[in-house]
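[1] model the structure of this input:
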Amino acid sequence: MELRNLEYRPVKVRGHFDHSKELYMMPRTMVDPEREAREAGRLSSSAQSGAHVITPFHCTDLGMSILVNRGFVPRKKLNPDSRKKGQIEGEVDLVGMVRLTETRKPFVPENNPERNHWYYRDLEAMATLTGTEPIFIDADFSTWCPARLPKKR
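    Numbers count the residues shown, from 1 in each chain. The predicted structure is shown next:
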């Protein structure tokens, strides 16, 4: 089956992360349905800005490396040293949804690989920079991640 026919389909992979080559898709905001319901109709939002952390993942079961969106971190936690619990070591099984490359939309800035600022998924450029295949999955953190951001009340 071709990759383009797999978008939004769940896949399971086994392997380990290479945290030394993290990429940051920004700006992003954390999706919180409870907050959205409380703030419906407001002109401003209390959502915090941050990034999605994209990490190379060596699939030991497939013999290749891919890109995995590990999820949202607030801007103040972009530095990996500030989120050591989230820097998972060793082999893990994870489930995620396959995502395809995106084209830049009008008014969206160009990606800036030199500053590690990615505004849209350019899988060829991301894969070239990280030495992975141009395959990207959005991880379902509930299947593998022991560290979670605390819920704000």
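[2] please make it C-alpha for all contacts and neighbour counts, starting now.
    OK.
[3] pull the helix or strand with minimum mean pLDDT from this protein.
    One helix or strand of the chain scores below all others by mean pLDDT, DSSP states H and E: helix 33-38, with a mean of 60.
[4] ok, then the element right after it?
    The helix or strand immediately downstream of helix 33-38 is strand 49-59, counting by DSSP states H and E.
[5] partner strands of that next one, with direction?
    If you go by DSSP bridges, strand 49-59 pairs up with strand 10-17 (antiparallel), strand 23-29 (antiparallel), strand 64-74 (antiparallel).
[6] list the contacts of the helix or strand that comes right after the last one.
    This points to strand 64-74. Going down the chain from strand 64-74, the next helix or strand is strand 92-99, by DSSP H and E. Residues outside strand 92-99 that contact it (CA atoms under 8 Å, 6 or more residues apart in numbering) are 6-16, 135-141, 143-144.
[7] spit out the contact partners of residue 141.
    Contact partners of residue 141, counting by CA under 8 Å, 6+ apart, are 70-71, 94.
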